[in-house]
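Visitor: predicted structure and sequence below. I'll ask about it afterward.
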Protein chains: 2
Amino acid sequence: MSSCLVGIDIGGTKLAVVIANSDGRILNKIRQPTKSYKGFEYAIRLIFDMIDQLLHLEQLTRDQVLSIGISCGGPLDTQTGVVYSPPNLPDWEAIPLADIVESEFKIRPVIENDANAGALAEWRFGAGRGYNHVVFMTMSTGIGAGIVVDGRILHGASDCAGEVGHQVLIPNGPVCGCGNRGCLEAICSGPAIAKRAQEKVRKNPHTKILDLVDGNIAMIRSEEVLEAAKSADPLALDLIKEVSFYMGWGIANLVNIVNPDIVLVGTIAVAAGDLLLEPIRRTVLEMSMQRPGGIVKIMPAQLGQHIGDLAAISLVV
Amino acid sequence: MSSCLVGIDIGGTKLAVVIANSDGRILNKIRQPTKSYKGFEYAIRLIFDMIDQLLHLEQLTRDQVLSIGISCGGPLDTQTGVVYSPPNLPDWEAIPLADIVESEFKIRPVIENDANAGALAEWRFGAGRGYNHVVFMTMSTGIGAGIVVDGRILHGASDCAGEVGHQVLIPNGPVCGCGNRGCLEAICSGPAIAKRAQEKVRKNPHTKILDLVDGNIAMIRSEEVLEAAKSADPLALDLIKEVSFYMGWGIANLVNIVNPDIVLVGTIAVAAGDLLLEPIRRTVLEMSMQRPGGIVKIMPAQLGQHIGDLAAISLVV
């Protein structure tokens, strides 16, 4: 009887379930909207249904499930498997997710926050293959990181290691979602870039950014800034220069403390490519120590939109 | 036949050799000045003599040496055992220290930089006992750190992890020994505190600091600043406030990235005690995220001047 692995990726917008063979090769997957307003009970029922549906499609039974990996937004406790109200799943307050899944499937699942699971996936399947010290840095709604050392996630004392987006760069700087001020995330996340762009465009409307949103300043997102920068719009290039300086500074500090072989930056850096990554690399080289700064590679993450599927599976492969 | 462990602590000012039983209990030790101007050959000969002398005193022979641990200033490569010109041992340029010791004793020694070995010693014998995630931070001529996770040193990709003193806090700030500007070390190390104190005293000579050096501003060191602050001298207290803010900021960033149970701060923090540590703790709580900042303890290092001896032994116990 062949066995299989189940991966569950829980996000604020969508739920994904994948089934893989025991080597981690994905056999099939399903996605459904999370409908987070419907609460936790709805989501967990839907996830169980999705698993059964996939098993049925692959002519497998619950008995053949070897392990279950779950990637979910943090904060969560990897030891107890309890999830503590992730920002995009506010209703999930102290949910004993591992216990619930275990009582349904008689298997104790492995649970990780999405940045850590993503780092493991990039190390195992993506641009981090072959490196011993890999950092995967998310750069979208938030900025976080998973740190993988010799194939193991660096969890820290309370599963909080890797909060690189909340290092403070500007005391008394812009307010951050975490309540502090001047965190890297409050300067360089997607919403932070959008906000800064909107402020600049209000003062100087002669920019391609404004054309891209049909003159509606409130509609400007980081995507428009990137697009305008690619066609050499001066205001957009100015913004990119600022963002890459602060990203480079934050990564330089991380490089001095953790000394990774490679830092893989997600979403926005993937979309921007060298337009953002080149100035980031120059800043890292300038602001970090010579030895750790000299060896580190700063690259776009590779797994893109598949990262969630692979992240959950990489926990149990 | 009983066996023993040998620990070698190599510093710019002194060399120490200790002999311990196989549990790590120190049996005897010797110290000698390094006389770094005499170069590497002199030092290594002296070290071998010191080992033989100690073995003789303890009625042991070279055959009874089970392992050899070496704690030395970095940069060095823990895999190859090559030392690359530590700042206080400039003559030690690409010295294959492990090979040299091995060819003399037929034992491959374990080599670590002093901050990492110190962290392991504090975890095993000092204030870090019982914790899984321990950071030991030096705060004297330089600022560095060793990070111990589950009893293992976090080395990083090129033995540079823990360079927490070279995170940049003030771009275009004071020049640092590493060549960059505005590193934590350039603001809060002993020499940096002394320099800042001298500048302040030049502008405002009405301070107890000046009495402590008989009016000779160039003689002011961090020690005088601490002493004056302990008797509530306003200028000294001002300096302590500045230093604790930047130390707290740097530690907060470290806490967000590494999430340790405890951060042990050496030399200057040990001498200053809560005068420095209390405001540091407040700043860490304020500038780090709630979960990692809420659990971390910030304490003085415990092993004091014995740390070098225990550091070398803790590598092989």
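Guide: In hand now; what should we look at?

Visitor: tell me where the stretch 151-300 of chain A has strands.
Guide: A:152-153, A:262-265, A:297-300 (DSSP state E, counting those that start in this stretch).

Visitor: and among those, the most buried is which?
Guide: Comparing the strands of the stretch 151-300 of chain A by mean neighbour count (mean count of other Cβ atoms under 10 Å in any protein chain shown), strand A:262-265 ranks first with a mean of 26. (Each C-beta comes from the backbone N, C-alpha and C, glycine too.)

Visitor: name the helices or strands packed onto that one?
Guide: strand A:133-139, helix A:234-258, strand A:297-300 (3 or more Cβ pairs under 8 Å, 6 or more residues apart in numbering or on different chains; DSSP states H and E).

Visitor: let me have the ones you listed in CSV, adding mean pLDDT and distance to chain B as columns.
Guide: As requested, those are arranged in CSV below (pLDDT from 0 to 100; distance: least, Cβ to the nearest Cβ, whole Å):
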stretch, mean pLDDT, distance to chain B
strand A:133-139, 97, 4
helix A:234-258, 98, 4
strand A:297-300, 98, 10
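
Visitor: nearest to residue A:46, out of those?
Guide: Among these, the nearest to residue A:46 by Cβ to Cβ is strand A:133-139 (24.8 Å).

Visitor: the next helix or strand after that closest one vs strand B:143-149, what angle?
Guide: Once strand A:133-139 ends, the next helix or strand along the chain (criterion: DSSP states H and E) is strand A:143-149. Calculated by axes from the mean of the first three to the mean of the last three Cα atoms, to 10 degrees, strand A:143-149 forms an angle of 70 degrees with strand B:143-149.

Visitor: mind checking the pLDDT average for strand A:143-149?
Guide: Averaged across strand A:143-149, pLDDT comes to 97.

Visitor: got the phi and psi for the residue in the stretch 101-250 of chain A positioned nearest to chain B?
Guide: Per Cβ to the nearest Cβ, residue A:156 is where the stretch 101-250 of chain A lies closest to chain B, at 2.5 Å. The phi/psi pair for residue A:156 (degrees, to the nearest 10) reads phi 80, psi 180.

Visitor: what is the neighbour count of the spatially closest residue to it that is not a sequence neighbour?
Guide: Leaving out its chain neighbours, the residue that sits closest to residue A:156 by Cβ to Cβ, 6 or more residues apart in numbering or on different chains is residue B:259, at 2.5 Å. Neighbours of residue B:259 under the rule other Cβ atoms under 10 Å in any protein chain shown: 27.

Visitor: for the one 10 residues further on, same thing?
Guide: If you count neighbours by other Cβ under 10 Å, residue B:269 ends up with 25.

Visitor: surely it and residue B:302 touch.
Guide: No. Applying Cβ atoms under 8 Å, one finds residue B:269 not in contact with residue B:302, separated by 11.6 Å.

Visitor: any idea how chain A splits into domains?
Guide: Following automatic domain parsing, one finds the domains of chain A at A:4-119+A:306-314, A:128-301.

Visitor: most tightly packed of those domains?
Guide: domain A:128-301 (a mean of 21).

Visitor: straight-line length of that one, end to end?
Guide: End-to-end span of domain A:128-301 (Cα to Cα, to the nearest Å): 8 Å.

Visitor: with stretch A:185-196 instead?
Guide: Terminal-residue distance, stretch A:185-196 (Cα to Cα): 13 Å.

Visitor: residues of the stretch 201-317 of chain A that sit close to chain B?
Guide: Residues of the stretch 201-317 of chain A that fall close to chain B, judged by Cβ under 8 Å from any Cβ of the partner chain: A:249, A:252-254, A:256-261, A:286-292, A:295-296.

Visitor: enumerate every residue touching the nearest residue to residue A:109 once chain neighbours are set aside.
Guide: Excluding the flanking residues, the one nearest residue A:109 by Cβ to Cβ, 6+ apart is residue A:68, at 3.9 Å. Residues counted as contacts of residue A:68 (Cβ atoms under 8 Å, 6 or more residues apart in numbering or on different chains) are A:5, A:6, A:7, A:8, A:101, A:105, A:107, A:109, A:110, A:316.

Visitor: over to the last one. Which of the three states is it?
Guide: In three-state terms, and counting by DSSP: H, G, I helix; E, B strand; the rest coil, residue A:316 is coil.

Visitor: hang on, it packs against residue A:3?
Guide: No. Applying Cβ under 8 Å, one finds residue A:316 not in contact with residue A:3, separated by 11.3 Å.

Visitor: more crowded one of these two?
Guide: Remark: of residue A:316 and residue A:3, residue A:316 carries more neighbours, 19 against 12, as counted by other Cβ under 10 Å.

Visitor: state which one residue of the stretch 201-317 of chain A is found closest to chain B.
Guide: Counting by Cβ to the nearest Cβ, the stretch 201-317 of chain A gets nearest chain B through residue A:259, at 2.4 Å.

Visitor: dump stretch A:15-32 to PDB, restricted to CA.
Guide: Extracted in PDB, the C-alpha atoms of stretch A:15-32 (Å, rounded to 0.1, in the frame of the first residue of the first chain):
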ATOM      1  CA  LEU A  15      -6.800  27.700   1.700                       C
ATOM      2  CA  ALA A  16      -4.800  25.200  -0.200                       C
ATOM      3  CA  VAL A  17      -4.400  21.500   0.300                       C
ATOM      4  CA  VAL A  18      -1.900  19.400  -1.600                       C
ATOM      5  CA  ILE A  19      -1.100  15.700  -1.700                       C
ATOM      6  CA  ALA A  20       2.400  14.500  -2.400                       C
ATOM      7  CA  ASN A  21       4.100  11.100  -2.600                       C
ATOM      8  CA  SER A  22       6.500  10.300   0.100                       C
ATOM      9  CA  ASP A  23       9.400  12.000  -1.800                       C
ATOM     10  CA  GLY A  24       7.500  15.300  -1.800                       C
ATOM     11  CA  ARG A  25       6.400  15.200  -5.500                       C
ATOM     12  CA  ILE A  26       3.000  16.900  -5.600                       C
ATOM     13  CA  LEU A  27       0.300  14.600  -7.000                       C
ATOM     14  CA  ASN A  28      -2.700  17.000  -6.800                       C
ATOM     15  CA  LYS A  29      -4.000  20.100  -5.100                       C
ATOM     16  CA  ILE A  30      -7.100  22.200  -4.400                       C
ATOM     17  CA  ARG A  31      -7.700  25.800  -3.500                       C
ATOM     18  CA  GLN A  32     -10.700  27.500  -1.900                       C
END
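
Visitor: contacts for that stretch next, please.
Guide: In contact with stretch A:15-32 (Cβ under 8 Å, 6+ apart) are residues A:2-9, A:14, A:33-34, A:43, A:46-47, A:50-51, A:53-55, A:57-58, A:60, A:66, A:124-125, A:308-310, A:312-314, A:317.

Visitor: mind checking which of the residues you listed land in helices?
Guide: A:43, A:46-47, A:50-51, A:53-55, A:57, A:124-125, A:308-310, A:312-314 (DSSP state H).
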